[in-house]
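> Quick one: sequence and predicted model below, then my questions.
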Amino acid sequence: TTSSTTTQQQQCITQLLRTITSTTTRNSSSVVRSGSGRIAKRAPIPPLVPRILDKRPDETGPGGRGSNAGLKVCVFGASGMLGRYLCYHLGTNGHMTYIGNRGDDLEMRFLQPMFELGRSRFTFYSPRDRQSIKEVIADADLVINCTGKYYETKTLTDAPQFPFLSYQVNYSHRETNVDIARTIAELCTEMQVDNLIHVSSLNARPDSTSEWTRTKHEGELAVKAAYP
């Protein structure tokens with residue numbers, strides 16, 4: 001139902017924010033799982049990050065959106081179901097956020113009002129180009145990978161017969177959930193990024209009948225191997 005889905009999204013975002021605020025140790029990795037299922041009602045969860053005008057001792061600025069929270073965060077998959085809400089909370093609390101964009105500029109512009117002027121940076125990249133991924137990560141203290149659609153994306157390609165166009169798979173489940181996730185983890189190790197959060201799935205398991213959940217499980221193993 002709509003209410004249970006909304007509650008599930010809120011809990012996943014809360015878990016992400018809890019992980020962000022607890023990233024005080026260097027070289028730590030986390031796997032956050034999101035998935036479907038009925039969730040029992042519970043008492044409201046108090047905010048886990050500073051809200052507007054709540055200023056921390058090491059924070060510069062007036063607090064909230066206009067502050068410098070002292071943490072640079074890189075987000076892949078920022079325009080997705082979880083990524084957009086994550087960006088909202090990062091912008092609300094003054095985190096400098098690096099956002100990777102592999103599509104058109106207009107696809108990500110709805111994220112811009114979530115940040116104070118100068119507190120976000122949008123960088124074009126190709127998931128198949130390691131150098132462009134490096135440019136997105138840059139000097140980030142924390143990298144969050146929220147990529148992973150429930151379907152394989154497709155693209156138009158030339159065909160020899162009329163109508164001379166056809167659809168072919170652009171990014172498969174394996175490439176998105178395993179190869180790209182491994183690449184991001186390897187680059188985080190190579191660039192000595194302090195913390196990495198990889199968003200997986202509650203249904204991830206090796207014996208699943210769904211290719212999406214099987215590759216999610218393989219992606220978890222690949223990330224843990226590349227970024228212990």
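Ah, there it is.
> With the flanking residues excluded, which residue is spatially nearest to the most centrally placed residue in the chain?
Against the mean C-alpha coordinate of the chain, by CA atoms, centre = their mean, the closest residue is residue 146 at 2.7 Å. Closest residue in space to residue 146, ignoring its immediate chain neighbours: residue 77 at 3.5 Å, by CB to CB, 6 or more residues apart in numbering. From N, CA and C alone the C-beta is placed, and that goes for glycine too.
> what residues are up against that neighbour?
83, 100, 145-148, 199 (CB atoms under 8 Å, 6 or more residues apart in numbering).
> Run the chain-centre distance for stretch 88-101.
Stretch 88-101 has its average C-alpha position 11 Å from the chain's average C-alpha position, going by CA atoms, centre = their mean, to the nearest Å.
> Quick one: list the elements packing against the helix or strand that contains residue 224.
With the criterion set as DSSP states H and E, the secondary-structure element containing residue 224 is helix 211-226. With contacts taken as 3 or more CB pairs under 8 Å, 6 or more residues apart in numbering; DSSP states H and E, helix 211-226 sits against strand 28-34, helix 173-174, helix 180-190, strand 195-201.
> which of the contacts of residue 77 lies closest to residue 180?
Proximity of the contacts of residue 77 to residue 180 was ranked by CB to CB; the top entry is residue 147 with 6.4 Å.
> So the closest one sits against residue 181, correct?
Yes - shown here, residue 147 and residue 181 form a contact pair, counting by CB atoms under 8 Å, at 7.4 Å.
> Looking at those two, which has the bigger crowd around it?
Counting neighbours by other CB atoms under 10 Å for residue 147 and for residue 181 shows that residue 181 has the greater number, 28 against 23.
> Just give the nearest non-adjacent residue to that one, would you?
The shortest distance from residue 181 to any non-neighbouring residue, by CB to CB, 6+ apart, is to residue 219 (4.3 Å).
> how many neighbours does that neighbour have?
The local packing of residue 219 (other CB under 10 Å) involves 29 other residues.
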